[in-house]
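Undergrad: What follows is a predicted protein model with its sequence.
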Amino acid sequence: MNFKKFLYKKVNSTNDLAIKKIKTGITKGIIITDYQKKGRGQHGKKWISFKGNLFMTIFFRIKRNISVKKITILNCKIIKKTLLKYIKKTIVIKPPNDLLVNKKKICGILQEIKFNKDAKFLVIGIGINIIKNPTIKNYPTTNILNETGYKVKRYNLIKNIEQNYIKNLKLFA
């Protein structure tokens, strides 16, 4: 029960593209790109996209009565579990949905709930700094390479994220 994958070189936003796919009747998938021109973060902030990092959105149908708070916790735990395969350091969830290593942001998650016809969908944008991190005033950042000395293959990271979502889909549905 894998997700259908959509691969792109450059997009405006993986979340926006996922929402378009939902509107065409696709009920679950993963959007992956090398670069986002208009990546979004929480509260309308811009997500800075450096080539070699991970920019993806996973989307699927969810039940109508699941709380946003529960969804947020589940998403953070799933991505944290995935990153712990690569980073043997403490990973802290900074509410609502940033992941930190050594008090520095390594991952951001942007989740959106969308409706199409009578169905409710969860759209989860995931940005992980693999080899380079942005400089953000008053908000330290890092990347997997800096923290481990090891360059993680994006494909392996995507596969592990997909597997962790497949294992946990019943918690959302």
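TA: Noted; the coordinates are in hand.

Undergrad: Which parts of the protein are strands?
TA: For the chain, the strands defined by DSSP state E cover 4-11, 28-36, 54-62, 91-94, 98-101, 104-116, 119-128.

Undergrad: Give me the below-cutoff pLDDT ranges for this structure.
TA: For the chain, the stretches with pLDDT under 70 are 1, 39-47, 173.

Undergrad: Pick out the residue closest to the middle of it.
TA: Centroid-nearest residue in the chain: Ile126, 1.5 Å away (criterion: C-alpha atoms, centre = their mean).

Undergrad: Pretty sure it sits against Met56.
TA: Yes: in this structure, Ile126 is within contact of Met56 by C-beta atoms under 8 Å, at 5.3 Å. In this view, the C-beta of every residue, glycine as well, is placed from N, C-alpha and C.

Undergrad: leaving aside the residues next to it on the chain, what's closest to Lys21?
TA: Leaving aside its chain neighbours, Lys21 sits nearest to Gly29 (5.9 Å; criterion: C-beta to C-beta, 6 or more residues apart in numbering).

Undergrad: now Asn116
TA: Ile22 (5.1 Å).

Undergrad: And that neighbour, how far from Leu100?
TA: 31 Å (C-beta to C-beta, to the nearest Å).

Undergrad: So those two - more neighbours on which side?
TA: Per other C-beta atoms under 10 Å, whichever of Ile22 and Leu100 has more neighbours is Ile22, with 22 against 17.

Undergrad: Let me know whether the more buried one touches Lys117 as I believe.
TA: No: using C-beta under 8 Å as the test, Ile22 is too far from Lys117 to be in contact (9.9 Å).

Undergrad: Can you pull the residues that touch both of Ile126 and Met56?
TA: Common contact partners of Ile126 and Met56 (C-beta atoms under 8 Å, 6 or more residues apart in numbering): Ile161.

Undergrad: Strand 4-11 and the helix ranked longest in the chain, what's the angle between them?
TA: In the chain, taking DSSP state H as the definition, the longest helix is helix 154-172. Counting by axes from the mean of the first three to the mean of the last three C-alpha atoms, to 10 degrees, helix 154-172 lies at 130 degrees to strand 4-11.
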